[in-house]
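> here is my input, please return the structure:
(chains A and B)
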Amino acid sequence: MSPLIKDRSIRNLNYWLLSPSLTLLVFFFILPSLIFFVYSFLTSRYYQVEWIFTLENYYRALTTPVYRDAMLNSLYIGLLAGILTTLISYPLAYYLTFHMSRGRNLVLFLVVISLLGSYLVRVYAWRTILGREGVINSFLMMIGLINEPLLFLLFSRFAVIITLVHVFLPFTLLPIISSLQNIPFELIEVAKDLGCNPLQAFLKVTLPLSITGVFSGFAYTFILSAADYITPQLVGGTSGGMIGLSITNQFVKVGNMGLGSALSFVFFLILIMLLGLLRWGLGWLVMKHS
Amino acid sequence: MSAQTLPTSIDHRRPICIPWLMIYSGCVIIFLIFPIVIILLFSFNSSPSVSFPIRGLSLHWYSEIIKSQVFLQALKNTMLVASIVTLLCIMFGTLAALVLTRFRFRFHNAIQTLFFLPLSLPGLFIGISLLSFFVSINFKLSLGTVIIAHLIYTLPYFVLVASARLEHFDHLIEEAAQDLGCTSWQTFWKVTFPIIAPSIIGAALVVFALSFDEFLITFFVIGSESTLPMLIWSMMRRSIDPRVNAISVLLMLSSTVLIFVVSKFVDISEIKL
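All right, here's what the predicted structure looks like:
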């Protein structure tokens, strides 16, 4: 076979062809991440970083109540948004994959548009909808159902969660759809022929085989929501700060980049550990039931 | 292929819950597009408020932004950034997608992970680490830094969309061309390129749409320049500004058109996140 003969030259050629993008990624992705990490051990004052090693940033990130609360709040919101998007997505993805023929591409088209575009616009839309004189309040007042605007709609945790669920729903939907598409249909049929009722077939075949899609769909929304810094500013009001905003402020308003970096890495580590735990737990569950 | 033949074969034992599933799916889709419809509706509202009842329809807000110098400048910057990012992505990404899909080699998986890592990181982390980097090497923030940031952010999407089709590429066609006397250069231009061109175009348009709309990373690395999402952000932070609706509609319209064109070039159901 020719690939074997050309093996060495092809292998070297591969690295050559990859080198432009690898250089790009090394210089503008890996290197910045390393500098970002180094910053978390340095002293900084008024947007300036001094090369004095310190662990104080981590100490402050872990012990200051404001940051601890913001992290917990972000984790809570991220988990809730992740669970909600996953629960909302799965039945739709299931219907789309197995029972929808007409309109299927239209729905996928809508999902892809919302995935790729107008993040800011969609967050803004929810402010318009939930606001004091916004769409819901003015509509309810117009039809005479309420006399006073409902104030809990905007600037609340409720507003943050509904916005995040809406914005990141496509990120959960797509992985679940593609994992369902990969299930060989014969397997479900065989399960039914072997005496499973539709529910058993779903629980024993479809669900375990799509669990990787469920996990990555959940992970996307969980990470992206927990680290969001725009939604809490636009629709969250004062209801429990989120850590993304605290981190942003360290870089943009306060100028304490060391603390900002330390907060980011602590939080990122927590996210990764939680996801690792969840993945292990899901793997164990699937193993046990099959 | 198999997914498309599914509905007919499952029909004969359609469980009772399917109608409910259909109604439910309809509700989710309405939830997905409802906010967009609201923005569209109020962008034509003649009064500046965003409440019901709507008093009258007008194109007032559109004509106001089209005349605004700030808007035109932001539009120009956005187009410039998106075009350069797209061109660079085509150059870097096509090679990467080709190599990653057709050959297995040492460090293949490590390199692939590196390529897709920015996809699963929140914009906050990418933005801040690039900001720290540019500040530490005294690199002035400008549209140039925005282009670099967008390139890092869009490259994984480019490779992802371009690979969807490349994975089904049949190498035997290339070997046949070479057996018939083509040089490798001729083989590439006469056989490989025409086959992969649609997915490259599709992926390029996805990149353009992403760059056009990017905010979370841009926010940190843009300095004093402006792009359309930055303009929307500065306008909507102040107060309820009805012009935001109009700009938003224009922004959404452009991404819808772009994705529509994308769907003509690549099968969007093959885009795996």
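> quick check: B:Glu225 touching B:Ile147?
No. At 11.1 Å, B:Glu225 does not count as touching B:Ile147 under the criterion of C-beta atoms under 8 Å. Every residue, glycine included, has its C-beta placed from N, CA and C.
> any low-confidence regions in the stretch 1-150 of chain B?
Scanning the stretch 1-150 of chain B for pLDDT under 70 picks out B:1-16, B:50-51, B:53.
> burial measure for B:Ser136, as a count.
Neighbourhood size, B:Ser136 [other C-beta atoms under 10 Å in any protein chain shown]: 15.
> give me the pLDDT value at the closest residue to it other than its chain neighbours.
Among residues not flanking B:Ser136 along the chain, A:Ile35 sits closest, at 5.6 Å (C-beta to C-beta, 6 or more residues apart in numbering or on different chains). Per-residue pLDDT puts A:Ile35 at 91.
> A:Ile35 sits in which helix or strand?
Using DSSP states H and E, A:Ile35 maps to helix A:31-39.
> check A:Trp51 too.
A:Trp51 is part of strand A:48-53 when elements are defined by DSSP H and E.
> what's that strand packed up against?
When contacts are defined as 3 or more C-beta pairs under 8 Å, 6 or more residues apart in numbering or on different chains; DSSP states H and E, strand A:48-53 packs onto strand A:42-45.
> how close does the residue nearest the centre of chain B sit to chain A?
What sits nearest the mean C-alpha location of chain B, by C-alpha atoms, centre = their mean, is B:Leu210, with 3.2 Å. The spacing between B:Leu210 and chain A, counted by C-beta to the nearest C-beta, to the nearest Å, is 6 Å.
> contacts for the helix holding A:Ile35?
Contacts with helix A:31-39, where a contact means C-beta atoms under 8 Å, 6 or more residues apart in numbering or on different chains, come from A:49, A:257-258, A:260-261, A:264-265, B:125, B:128-130, B:132-133, B:136.
> which among these count as buried?
By neighbour count, with 16 or more other C-beta atoms under 10 Å in any protein chain shown, the contacts of helix A:31-39 hold A:49, A:257-258, A:260-261, A:264-265, B:125, B:128-130, B:132-133 as buried.
> inside strands: which ones of these?
Among the buried ones among the contacts of helix A:31-39, the members found in strands (DSSP state E) are A:Val49.
> got the phi/psi numbers for the residue in the stretch 151-290 of chain A that chain B sits nearest to?
Residue of the stretch 151-290 of chain A nearest chain B, by C-beta to the nearest C-beta: A:Ala227 (3.6 Å). Phi and psi for A:Ala227, reported as degrees, to the nearest 10, are phi -100, psi 10.
> what ranges does chain B have for its helices?
B:2-11, B:18-43, B:60-67, B:69-102, B:108-120, B:123-136, B:143-166, B:171-179, B:184-187, B:193-213, B:218-221, B:228-238, B:242-265 (DSSP state H).
> possible to save those as JSON lines with distance to A:His166?
As requested, the helices of chain B are exported to JSON lines (distance: least, C-beta to C-beta, whole Å):
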{"stretch": "helix B:2-11", "distance to A:His166": "27"}
{"stretch": "helix B:18-43", "distance to A:His166": "7"}
{"stretch": "helix B:60-67", "distance to A:His166": "24"}
{"stretch": "helix B:69-102", "distance to A:His166": "24"}
{"stretch": "helix B:108-120", "distance to A:His166": "20"}
{"stretch": "helix B:123-136", "distance to A:His166": "17"}
{"stretch": "helix B:143-166", "distance to A:His166": "21"}
{"stretch": "helix B:171-179", "distance to A:His166": "43"}
{"stretch": "helix B:184-187", "distance to A:His166": "48"}
{"stretch": "helix B:193-213", "distance to A:His166": "16"}
{"stretch": "helix B:218-221", "distance to A:His166": "21"}
{"stretch": "helix B:228-238", "distance to A:His166": "17"}
{"stretch": "helix B:242-265", "distance to A:His166": "14"}
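> list the buried residues for stretch A:81-97?
A:81-82, A:84-86, A:88-97.
> go through these and flag which are in strands.
Per DSSP E, strands hold no members of the buried residues of stretch A:81-97.
> how about residues contacting stretch A:252-267?
Stretch A:252-267 is contacted by residues A:36-37, A:39-49, A:54, A:57-58, A:60-62, A:67, A:71, A:74, A:226-227, A:243, A:246-251, B:124-125, B:128, B:132, B:135, B:220 when judged by C-beta under 8 Å, 6+ apart.
> mark which of those are buried, thanks.
For the contacts of stretch A:252-267, a neighbour count by 16+ other C-beta under 10 Å gives the buried set as A:36, A:39-42, A:44, A:49, A:57-58, A:61, A:67, A:71, A:74, A:226-227, A:243, A:246-248, A:250-251, B:124-125, B:128, B:132, B:135, B:220.
> returning to that earlier point: greatest separation within the contacts of helix A:31-39: which pair is it?
Using C-beta to C-beta, the two most remote members of those are A:Val49 and B:Phe125, lying 18.1 Å apart.
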